[in-house]
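> need coordinates for the following:
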Amino acid sequence: MAIVNRIAGYASEMTQWRQHLHTIPELGRECHKTAAFVEQKLREFGVDKLQTGFATTGIVAIINGQGDGPTIGLRADMDGLPIIEATELEYKSTHEGRMHACGHDGHTTMLLGAAKYLCETRNFAGRVALIFQPDEEATGGAEAMVNEGIMDTFDIAQVYGIHNVPELPFGEFFTKPGPIMAAADTFDINITGRGGHGANPHDTIDPVLAACSIAQAIQTIVSRNVDASKQLVISVTQIHTGSTDNVIPETAYMNGTVRTFDAEVRDLAERRLQEIVAGQAASYGCEADITYNRGYPATVNTEQGVEIAVKAARDVSGDDAVTDTAEPVMGAEDFAYMLESRPGAYLFMGQGPGAGLHHPKYNFNDEAAPVGASFFARLVETAQPVKG
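Coordinates of the predicted model:
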């Protein structure tokens, strides 16, 4: 593994940064302590321009290279999760009910490490835009930052991001051209019947039966409406109804999630959900309404972005440690909005054994931070080499 020597020299310092960030997890767009720490470090490093306040606490910092050239964007997410930490780490969360259970403390540290190196060396043409983004886990800080104009304001030509993955081999990178993560939508269904005594179902209109029928019928969208070569997941994740064993309730509530990669499949799933809910409810004499909520779009890498990113990753981890034909995953990521706005790529980086993402015992592997920082650094130098 060819970690950049200078970045390897930052390893203990990066560990301190990451473990400090782990103690102060913040949610959504309210990443004030985290952003203040990031801003302090960036100013110490000597970035050429720094602007705060995007999506409330987001930061964009510019580092100028040598000579003219485009601007390449590098993104790290900063927010934590509303999870009670179950570790006994010396640096465990000091914010009750919140923790960095997805490694965003590590992502922020990796980009800070790259920032320090790039400020010192400036061995690239054009500019680097360092994007520190809040609110990946909740309402889409990436979308907000794009809508607030960061791509145009800073003339960003392409953009890249990475995410750690526990249990994947340490230091290995995984990506692919095209969709790498799914679009994530949700639905809410409210069913209204007529309640009554459980001993006299003939006097009622039973919303429980309607809910069960809807849950089953929804699965025919995957098995009977969508080309088998295309990917679609529809999961009913909640059914709430009733209060006791001898009362047929008046109402039932259901919800769930829809995951797609293809825009046409996404449209079809929404339409068929609406049709099935209406038809099934009517067949039981119930009334029902469905609210379909479109969430993050699919995260779609560009061919050229993957080529550039893979070359940089191979420079750091070696040819055999980089896969450019990875299977896409059904999880979602708001970096999708940045890739809708500009070409680029998103990659997964293995961090070795450990508790999984969003687990109360998760902890980012500090040994992975120099690897990720080296990737970001080599990415910039590969994409925008100094002209001889």
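> point to the residue nearest the middle of this protein.
Nearest residue to the geometric centre of the chain (C-alpha atoms, centre = their mean): Glu333, 2.7 Å.
> residue contacts, that one?
Contacts for Glu333 (C-beta atoms under 8 Å, 6 or more residues apart in numbering) come out as 136, 163, 181, 296, 299, 346. For glycine as for every other residue, the C-beta is placed from the backbone atoms N, C-alpha and C.
> so what's the fifth one up against?
Going back to what we said before, that points to Thr299. Contacts of Thr299 by C-beta under 8 Å, 6+ apart are 179-182, 332-333, 335-336, 339, 346.
> partner residues bridging it?
Taking DSSP bridges as the rule, Thr299 bridges to Met181.
> can you offset everything so residue one is 621?
Understood, numbering begins at 621; the last thing we discussed is Thr919.
> from Gly951, how far off is it?
9 Å (C-beta to C-beta, to the nearest Å).
> list the residues that contact both of these two?
With C-beta under 8 Å, 6+ apart as the test, Thr919 and Gly951 both reach 801-802.
> circling back: buried subset of the contacts of Thr919, written for PyMOL?
Applying 16 or more other C-beta atoms under 10 Å to the contacts of Thr919 leaves a buried subset, and the PyMOL line that selects it is:
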select buried, resi 799+800+801+802+952+953+955+956+959+966
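> format the contacts of Thr919 as a markdown table; extra columns: distance to Ile841 and pLDDT.
Shown next, in a markdown table, are these (distance: C-beta to C-beta, whole Å; pLDDT from 0 to 100):
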| residue | distance to Ile841 | pLDDT |
| --- | --- | --- |
| Pro799 | 19 | 97 |
| Ile800 | 24 | 98 |
| Met801 | 21 | 98 |
| Ala802 | 15 | 98 |
| Ala952 | 19 | 97 |
| Glu953 | 24 | 97 |
| Phe955 | 27 | 98 |
| Ala956 | 23 | 98 |
| Leu959 | 27 | 98 |
| Tyr966 | 28 | 98 |
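> adding distance to Asn875, write the contacts of Thr919 out as a markdown table.
Formatted as a markdown table, the contacts of Thr919 follow (distance: C-beta to C-beta, whole Å):
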| residue | distance to Asn875 |
| --- | --- |
| Pro799 | 25 |
| Ile800 | 26 |
| Met801 | 21 |
| Ala802 | 18 |
| Ala952 | 16 |
| Glu953 | 21 |
| Phe955 | 25 |
| Ala956 | 22 |
| Leu959 | 28 |
| Tyr966 | 28 |
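> now, which of the contacts of Thr919 sits nearest Asp847?
Pro799 (15.2 Å; C-beta to C-beta).
> for the closest one, helix, strand, or coil?
Judged by DSSP: H, G, I helix; E, B strand; the rest coil, the three-state class of Pro799 is strand.
> ok, it touching Ala918?
Yes. Here Pro799 reaches Ala918: they are 4.8 Å apart, a contact under C-beta atoms under 8 Å.
> shared neighbours of those two, anything?
Counting by C-beta under 8 Å, 6+ apart, the residues touching both Pro799 and Ala918 are 881-882.
> out of the contacts of Thr919, which one sits closest to Val936?
So of these, ranked by how close each gets to Val936 (C-beta to C-beta), first place is Tyr966, at 16.6 Å.
> for whichever strand or helix holds the closest one, which outside residues touch it?
Tyr966 is located in strand 964-970, with elements delineated by DSSP states H and E. Residues from elsewhere that reach strand 964-970 (C-beta under 8 Å, 6+ apart): 693, 778-785, 787-795, 800-801, 919, 921-922, 925-926, 928-929, 933, 946, 953, 955, 958-959, 988, 991-992, 995.
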